[in-house]
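A.B. asks: what's the 3D shape of this:
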Amino acid sequence: MDLFVIITSLFGLASLFSFLNARFMKLPGVIGVMILAILASLITIFASRTFPIVTHFISELTSSIDFSKTLLDVMLGFLLFASALHFDIHKLKENLRGIIIISTVGVIISTVLFASGLFYALILLGIELPFIYCLLFGALISPTDAIAVAALLKRSKMPPRLETIISGESLFNDGIGLVLFISFLEVASTPEKGFSIIEATKLFSQEVFGGLALGISMGWIAYLMMRSVKDFQTILLISITLVMSISVIAGILHVSIPLAVVAAGLLLSSKPFFKQGTPDYNKYLEKIWGLMDELLNTILFVMVGLQMVLMKFSMVFLWVGLGAILILLLARALSIVLPVIFVRRSLRLNYNSITILTWGGLRGGISIAMALSIPASSYRDLILTGCFCIVVFSIIVQGLTLNTLVNRLISDN
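C.D. replies: Got it, this is the predicted structure:
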C-alpha cells in the first residue's frame, strides 16, 4: 500500500470505530476502538469467505504497517511527550523515591519472577521454552505502558497520589525494561556470548543517563526559544520539532527515546514561557498536545487490535497466554510488595493501595512492538501470542474494572 493510503485507511478506521463506540457501545474510547479492531481482525481470520473485501483490506493494511518501527520510532515520542507535558512535576517530586524504586527494582523483580513462573508452568505442560526466552518475555511484558496508563487513567476515579505513582512509574520504567530486553535478546541470538552484568550496566547508563541528558538539554534550548517569542504558532511548531528531533538524535546516539522525550516534557511543563500581560501559552500548548494525544491513542489502539491478524492461532498458545496473565499478575504484586517494604513510609501505601497498583499496572502496544521485533525462531509465535493475550486482558478487563475496584477498596478504608 502507498504511504498516504495507509495513513488514510488508519484514520478512516479510527473514525469509524470511534463513531460506533460513541454512538452505540459507549465504552472508554481506547477500549471501544480496540474491541472493534479485534472484531475486524477476527472477521479477517475466520470469515474470509463471508467478507472477502473486508478480509483483503485488513490483511493488506496490517501487512503494510511495520508496527514496531511505527510505534517505537515515530508515535512513542509524541505520546510520551504529551503525557509528560500534563504531568504535575510537584507531585512527582513528592513521590520520586518510591517511583524510581518501583520502576527499576520492581521491573527486575517482576521479570525474574514472571520468567521463573512461566518456565516451570510450561515444563508441567510439556512445552519447551528456554529460560532465556522466558526472561526475554518477562523483560518486554513487565514494564507498565505509559501510553495505556495515561489513556485509561483520564476517566478513572483513582486517588491522586496513587495515580501519580502509577503514571510516574510508567513514564520511567521503560529504561530498565529496554536494557533487560536488549541484553536478553542478544544472549538469545548469540548464546555463546552469555549475559554480562558489565555490558548491561554500560547499556543501562548509556540509554538512561544519555536519554535524560539529551532530553534536558534539548528541552532547555526549546524553552529558551519559546520564552523569547509571543507567537503561539511558533511555540507549537518548536514543541513538535523538539519531539521529532529528539527521536532522530536519540536513535543515532543509541540513547532512550522514551526517557529523553519525558525529560523534555517534564521540563517544559514546569517552566512558564509567557510574560506578565501575555496569554498563558502553557495552557494552550497542553490543550493542543492533549488533543494530539487523544487522536494518536485512538489510532494506536486500532493498530494494536489489527495485530491479531499476524497471530498464529493455536489452542496451546492461547492456554499459555491465559496462564501468563495469572503469572504476570502475581509477579506484578510481588514486585510491588517487596520494594514497598523499603519505601512504604514515604509512599504511605496500605494493602488496598498495593492491590490497586497491581491491577492498575496496564500493558499496551509497546510490549507488542518489542515482541514483534524478536527475530524469527521456533519460540517467537508463542511469546507473541502470549504477549497479545496479556495486552488485550490488560486493556479490556483491567481497564474496564479498574474504577469498580478502586471504589470498592477506597470505601473499605
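A.B. asks: how about the CA coordinates for the helix or strand where I383 lies, as CSV?
C.D. replies: Using DSSP states H and E, I383 sits in helix 380-392. Extracted in CSV, the C-alpha atoms of helix 380-392 (Å, rounded to 0.1, in the frame of the first residue of the first chain):
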residue,chain,number,x,y,z
ARG,A,380,8.6,-16.2,18.7
ASP,A,381,5.0,-17.1,17.9
LEU,A,382,4.4,-18.4,21.4
ILE,A,383,5.8,-15.2,23.0
LEU,A,384,3.9,-13.0,20.6
THR,A,385,0.6,-14.8,21.2
GLY,A,386,1.1,-14.7,25.0
CYS,A,387,2.0,-11.0,24.9
PHE,A,388,-1.1,-10.2,22.8
CYS,A,389,-3.3,-12.1,25.3
ILE,A,390,-1.8,-10.2,28.2
VAL,A,391,-2.3,-6.8,26.5
VAL,A,392,-5.9,-7.5,25.5
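A.B. asks: gap between it and the chain center?
C.D. replies: Chain-centre distance of helix 380-392: 15 Å, with C-alpha atoms, centre = their mean, to the nearest Å.
A.B. asks: again with stretch 23-37
C.D. replies: 19 Å.
A.B. asks: Need the contact partners of it.
C.D. replies: With C-beta atoms under 8 Å, 6 or more residues apart in numbering as the test, stretch 23-37 has contacts from 13-14, 17-18, 20-22, 148, 151-152, 155, 294, 297-298, 301-306, 392, 395-396, 399-400. Glycine gets a C-beta too; all of them are placed from N, C-alpha and C.
A.B. asks: Mind giving me the ChimeraX command for buried ones among these?
C.D. replies: Applying 16 or more other C-beta atoms under 10 Å to the contacts of stretch 23-37 leaves a buried subset, and the ChimeraX line that selects it is:
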select :13,14,17,18,21,148,151,152,297,298,301,302,303,304,305,306,392,395,396,399
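A.B. asks: Quick one: classify K230 as helix, strand or coil.
C.D. replies: coil (DSSP: H, G, I helix; E, B strand; the rest coil).
A.B. asks: any idea how this structure splits into domains?
C.D. replies: In terms of domains, the chain is parsed into 3-64, 69-412 (source: automatic domain parsing).
A.B. asks: hang on, the earlier thing: so which of the contacts of stretch 23-37 sit within helices?
C.D. replies: Among the contacts of stretch 23-37, the members falling in helices (DSSP state H) are 13-14, 17-18, 20, 148, 151-152, 294, 297-298, 301-306, 392, 399-400.
A.B. asks: Tell me which of the domains of the chain is the most buried.
C.D. replies: domain 69-412 (a mean of 19; mean count of other C-beta atoms under 10 Å).
A.B. asks: Let me see the mean pLDDT of it.
C.D. replies: What domain 69-412 shows for mean pLDDT is 89.
A.B. asks: Figure out how far it is from the centre of its chain.
C.D. replies: 4 Å.
A.B. asks: List of residues touching the helix or strand where L140 lies?
C.D. replies: L140 is part of helix 131-141 when elements are defined by DSSP H and E. Under the criterion C-beta under 8 Å, 6+ apart, residues 110-116, 118-119, 122, 177, 180-181, 183-185, 187-188, 191, 324, 328, 331, 363, 367, 370-371, 374, 379, 383, 386-387, 390 lie in contact with helix 131-141.
A.B. asks: run the last query once more with 7 Å
C.D. replies: 110-112, 114-115, 118-119, 177, 180-181, 184-185, 187-188, 328, 363, 367, 370-371, 379, 383, 386-387, 390 (C-beta atoms under 7 Å, 6 or more residues apart in numbering).
A.B. asks: Between the two ends of stretch 373-384, what distance do you get?
C.D. replies: Stretch 373-384 has an end-to-end distance of 10 Å (C-alpha to C-alpha, to the nearest Å).
A.B. asks: Excluding chain neighbours, give the residue nearest to the residue positioned nearest the centre of the chain in space.
C.D. replies: Nearest to the geometric centre of the chain sits D145, at 2.6 Å (C-alpha atoms, centre = their mean). Closest residue in space to D145, ignoring its immediate chain neighbours: G364 at 3.4 Å, by C-beta to C-beta, 6 or more residues apart in numbering.
A.B. asks: residue contacts, the one you found?
C.D. replies: Counting by C-beta under 7 Å, 6+ apart, G364 has contacts 145, 147-148, 391, 395.
A.B. asks: sorry, back to before: any idea of the angle the helix holding I383 forms with helix 131-141?
C.D. replies: On the basis of axes from the mean of the first three to the mean of the last three C-alpha atoms, to 10 degrees, helix 380-392 is oriented at 30 degrees to helix 131-141.
A.B. asks: which other helices and strands contact helix 380-392?
C.D. replies: If contacts are counted by 3 or more C-beta pairs under 7 Å, 6 or more residues apart in numbering; DSSP states H and E, helix 380-392 sits against helix 131-141, helix 315-347, helix 365-372.
A.B. asks: Take these and write them to CSV, including distance to E207.
C.D. replies: As requested, the helices and strands packed on helix 380-392 are arranged in CSV below (distance: least, C-beta to C-beta, whole Å):
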stretch, distance to E207
helix 131-141, 13
helix 315-347, 21
helix 365-372, 14
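A.B. asks: Minimum distance to R408: which of these has it?
C.D. replies: helix 315-347 (17.2 Å; C-beta to C-beta).
A.B. asks: tilt between that closest one and helix 380-392?
C.D. replies: 50 degrees.
A.B. asks: who's in contact with whatever helix or strand comes next after helix 315-347?
C.D. replies: Next along the chain after helix 315-347, taking DSSP H and E as the criterion, comes helix 351-359. With C-beta under 7 Å, 6+ apart as the contact definition, helix 351-359 has outside contacts at 158, 162, 165-166, 329, 332-333, 336-337, 340, 398, 402, 405-406, 409, 412-413.
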